[in-house]
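J.: Pasting the sequence and the predicted model now:
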Amino acid sequence: MAAIVRLNDIWKTYRMGDTDVHALRGVSIEIQEGEYVAIMGASGSGKSTMLNILGCLDRPTQGEYFLGGQNVAHLSDDELSFIRSSKIGFIFQSYNLIQQLTVVENIEIPLYYQGWSERDSLKRATELAQLVGLSHRLDHRPNELSGGQQQRVAIARALSNDPLIMLADEPTGNLDSATGQEILRMLDRLQTEGKTIIVVTHDENVAKHSQRIIRLADGMAVDERRMRP
Amino acid sequence: MIGFQAKRTFLLGVKSLWLHRLRSTLTVLGMILGVCSVIAMLAIGEGASHDAQEQMRQLGSTNIIIRSVKPPEDKTARQETSQVAQYGLTYDDVERITQTIPSVTVTVPARRVRKDVRNLSRTTDTFIVGTVPWFPRVMNRRVGEGRFLTGLDVRYKENVCVLEPHVALALFPFKDALGQAVKIGSDFYRVVGVMEALSTGKGGTSSARLDSDAGVYVPLSTFTAYLGEVLTTRSAGSYVRERIEINDAIVAVPAVEQVLDTATAVRATLERFHRKLDYEVIVPLEQLRAAEKVKRTYNIVLGSIAAISLLVGGVGIMNIMLASVTERTREIGIRRALGAKRRHIITQFLTETVLLSGFGGVVGVLIGVTIPWFVGRFAGMTTIVTLWSPLVAFSISVMVGVIFGIYPAQRAASMDPIEALRHE
């Protein structure tokens, strides 16, 4: 299996006044295609920075990041935007749906920025809504849906561009445990279908679903533990 | 990426604006008022210029009009024993101007007096004008029926007359006036011609025009012989007797360029032989120039006001868009995270501003073209909406949208996606 994500000695340094703050200090990890990985760590451990870099929202100060074989560590803003729209599926803690758009329109957003035609993207979005069990809510707005339903819309949106990796940032953080379990089961199912999933969390119960846990502390990946074969 | 899913971008813009209907409407209102005022101002300016040109055409740009005026009464005039006040232009003046100023091609002297004109029991009260055969040519008039006065009429002091159409109609409502006789004072005159109606522009005929209130034309010599040079008017129990040789004279020059120099020469000639200021020289061209100068200032002021209101509309749009960008920080973050490039965000927000200003422009044009009509109808001003003024106003409004939309759009696009996503 080829490594779909390969971080090679990643450093991220922020300048705070006169001092340099190192959020990441030489992180090197590999994630294989089809893997389900949890990234854990206390706040201040560099978790968010890691997520931003993995999601191509930010560039590392130093080091290399190969995503699907392409070094994306030092691409331009526009190139990173393209990578995000074509290779990454985001799932956020607070769902991050656009309130004035309907379910279908929210699912279509990544396709819109890839320049899909209206007809094709509508077809794809409808299929995905069906996949997450929301085919009866196509024209509803996010504020008419429950939290679990909104997160399912977000999952459908993350799937729309058929990404190389799905990045979930505390996907159950805003949900009650029953609904959270429902979402985690959905991620499990996606993994068995061959998706590569990276979950960033501080919740052991969430991390339990993954095959591997990467623990971050003080900007370094200190522990790698395989949970499931 | 121009044309990037243009239709969907457009619909997305409409949708976002529709979400805040009241806010969008109020913003558009600013634009509408701006565009309306531009169109209205241009129409009023254009109308004023049209009026000025119309007056110039009526007076004749190559003419200079000299007119007798009663001089301001001074003490010496009151002490005069003679009861007849003599003033005004004389035959000598006209002769001198014609003979000594080389650029003068022709002069038209005229006498006028207000009298009753009769046909049997029908009477009409009008101005009788004594003049010369070339009057129609210089005044740019045409004879409708019959002929105008001729040299022979003048030489033999014939009792013939030419009527203005309104006089002809008043005296001979049921038959042809030609060949009929009318009675002016105690003498009979044969009607030899009827003039074509004087075309009046919307701005009205200039009162400086010799024939603006004239009704009957007779040969100048006949006028002098039968109606005399002494004009008697009764006023409050006394007679005022005035002796005027010529009331008006039109001095014609061949080209517009010579008008101003000739006018100076005419003034100089008259000044030398008149002790009192008992005449006035009217130069239509000078009046026109002055009017145009006023009009230009007027247009600049009007234009500035209109431009300011468009600018105010633009500032309103910018203000709303900046508020909207701040409000939608989260949305911008989401879109950026999901793959929107900076230019997609710029396009999205710029589309919204241009939609606002463009829609304001269209509505403004529609309302704007009706305002001049109301102004013309109720304020009695001439207004002309040229074809290009709505186009100009509309393009300016779109341009204002682009100019005032760029900054908010750039601000939206330059947000850090990570920060924007975290924004509550």
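T.: Cool, got the structure.
J.: Next up, the contacts around A:D169.
T.: A:51, A:90-93, A:200 (C-beta atoms under 8 Å, 6 or more residues apart in numbering or on different chains). Where you see a C-beta, it was placed from the backbone N, CA and C, and this is true even at glycine.
J.: cool, and A:E108?
T.: Under the criterion of C-beta under 8 Å, 6+ apart, the neighbours of A:E108 are A:116, A:121-122, A:124-125, A:160.
J.: Where do the helices of chain A begin and end?
T.: With helices called from DSSP state H, chain A shows them at A:47-54, A:77-87, A:103-114, A:118-131, A:147-160, A:177-192, A:204-207.
J.: what's the closest of those helices to B:Q258?
T.: helix A:77-87 (70.2 Å; C-beta to C-beta).
J.: And that closest one, what's buried?
T.: Of the residues in helix A:77-87, those scored as buried under the neighbour-count criterion (16 or more other C-beta atoms under 10 Å in any protein chain shown) are A:80-85, A:87.
J.: Next, give me the two most distant ones among these.
T.: Using C-beta to C-beta, those reach their maximum pairwise distance at A:S81 and A:K87, which is 11.3 Å.
J.: Which single residue of the stretch 201-350 of chain B ends up nearest chain A?
T.: Using C-beta to the nearest C-beta, the closest approach of the stretch 201-350 of chain B to chain A is made by B:G339 at 2.1 Å.
J.: tell me the secondary structure for that residue?
T.: With DSSP: H, G, I helix; E, B strand; the rest coil as the basis, B:G339 sits in coil.
J.: And the pLDDT for it?
T.: Reading off the per-residue confidence, B:G339 sits at a pLDDT of 91.
J.: number of nearby residues for B:R155?
T.: If you count neighbours by other C-beta atoms under 10 Å in any protein chain shown, B:R155 ends up with 10.
J.: so what's it up against?
T.: Under the criterion of C-beta under 8 Å, 6+ apart, the neighbours of B:R155 are B:S221.
J.: where's it relative to B:A225, distance?
T.: From B:R155 across to B:A225, the span is 12 Å (C-beta to C-beta, to the nearest Å).
J.: Likewise for A:S81?
T.: Looking at A:S81 against B:A225, where the rule is C-beta to C-beta, the gap reads 101 Å.
J.: Ok, B:L163 next?
T.: Taking C-beta to C-beta as the criterion, B:L163 is separated from B:A225 by 20 Å.
J.: who's more crowded, these two?
T.: Counting neighbours by other C-beta under 10 Å for B:L163 and for B:A225 shows that B:L163 has the greater number, 31 against 13.
J.: where does that one land on pLDDT?
T.: pLDDT recorded at B:L163 is 92.
J.: How far does the longest helix seen in chain B sit from its chain's centre?
T.: Criterion DSSP H: the longest helix present in chain B is helix B:284-327. Computed by C-alpha atoms, centre = their mean, to the nearest Å, the separation of helix B:284-327 from the middle of its chain amounts to 22 Å.
J.: ditto for stretch B:44-54
T.: Its chain's C-alpha centre and that of stretch B:44-54 lie 3 Å apart, by C-alpha atoms, centre = their mean.
J.: Averaged pLDDT, that stretch. What do you get?
T.: Mean pLDDT, stretch B:44-54: 79.
J.: Give the buried residues for it.
T.: Per 16+ other C-beta under 10 Å, stretch B:44-54 contains these buried residues: B:44-54.
J.: Taking the centroid of the chain, which residue is nearest it?
T.: Assuming you mean chain A. With distances taken as C-alpha atoms, centre = their mean, A:L167 lies nearest the centre of chain A, 1.2 Å away.
J.: meant chain B, my bad for not saying
T.: For chain B, B:D51 is the residue whose C-alpha lies nearest the centre (C-alpha atoms, centre = their mean; 1.7 Å).
J.: Quick check: which element contains it?
T.: helix B:21-59 (DSSP states H and E).
J.: and the helix or strand just after that helix, how far from the chain's centre?
T.: Following the chain from helix B:21-59 toward its C-terminal end, the next helix or strand by DSSP H and E is strand B:63-68. Taking the mean C-alpha point of strand B:63-68 and that of its whole chain, the gap between them comes to 22 Å (C-alpha atoms, centre = their mean).
J.: Can you tell me which residues in the stretch 301-424 of chain B are near chain A?
T.: Residues of the stretch 301-424 of chain B lying close to chain A by C-beta under 8 Å from any C-beta of the partner chain are B:330-331, B:333-344, B:417-418, B:421.
J.: Filter the residues you listed down to the ones in strands?
T.: The subset of those located in strands under the criterion DSSP state E is empty.
J.: Helices - which of those residues land there?
T.: The members of these that map onto helices under DSSP H are B:330-331, B:333-337, B:342-344, B:417-418, B:421.
J.: Let me know the closest of these to B:G215.
T.: Minimum distance to B:G215 across these is 76.2 Å, recorded for B:R343 (C-beta to C-beta).
J.: That closest one and B:A413 touch, don't they?
T.: Yes. At 7.3 Å, B:R343 and B:A413 qualify as touching, with contact defined as C-beta atoms under 8 Å.
J.: So between the two, which is more surrounded?
T.: For the pair B:R343 and B:A413, the greater number of neighbours falls to B:A413 (22 against 16), based on other C-beta under 10 Å.
J.: wait, doesn't A:N106 sit right on A:R157?
T.: Yes. Shown here, A:N106 and A:R157 form a contact pair, counting by C-beta under 8 Å, at 5.7 Å.
J.: List the residues that contact the nearest residue to A:P60 once chain neighbours are set aside.
T.: Leaving out its chain neighbours, the residue that sits closest to A:P60 by C-beta to C-beta, 6 or more residues apart in numbering or on different chains is A:I10, at 4.6 Å. Under the criterion of C-beta under 8 Å, 6+ apart, the neighbours of A:I10 are A:24, A:26-28, A:53, A:60, A:62-65, A:73.
J.: can stretch A:111-120 be found next to chain B?
T.: Yes. Residues of stretch A:111-120 are located near chain B by C-beta under 8 Å from any C-beta, namely A:112-115, A:118.
J.: got any ranges where the chain has weak pLDDT?
T.: In the absence of a named chain, chain A is used. With pLDDT under 70 as the threshold, chain A has low-confidence stretches at A:1, A:227-229.
J.: my bad, the chain I had in mind was chain B
T.: By pLDDT under 70, the low-scoring segments of chain B are B:1-4, B:57, B:73-84, B:199-211, B:231-239.
J.: quick one: the residue lying closest to B:G316 once chain neighbours are set aside from B:L311, how far?
T.: Once flanking residues are discounted, B:G316 sits nearest to B:G30: 4.1 Å by C-beta to C-beta, 6+ apart. Using C-beta to C-beta, we find B:G30 at a distance of 10 Å from B:L311.
J.: Run through the residues of chain A sitting next to chain B.
T.: A:52, A:55, A:57-58, A:77-78, A:81-82, A:84-86, A:90, A:92, A:96-100, A:109-110, A:112-115, A:118, A:157, A:161.
J.: and the closest residue to chain B within chain A, what does it touch?
T.: Of the residues in chain A, the one nearest chain B is A:S85, at a distance of 2.1 Å by C-beta to the nearest C-beta. Residues touching A:S85, when contacts are defined by C-beta under 8 Å, 6+ apart, comprise A:110, A:113-114, A:161, B:338-340.
J.: Looking at the residues you listed, spot the one nearest B:G151.
T.: Nearest to B:G151, judged by C-beta to C-beta, of the contacts of A:S85 is B:A340 at 90.3 Å.
J.: and that closest one, how many neighbours?
T.: Taking other C-beta under 10 Å as the definition, B:A340 ends up with a neighbour count of 25.
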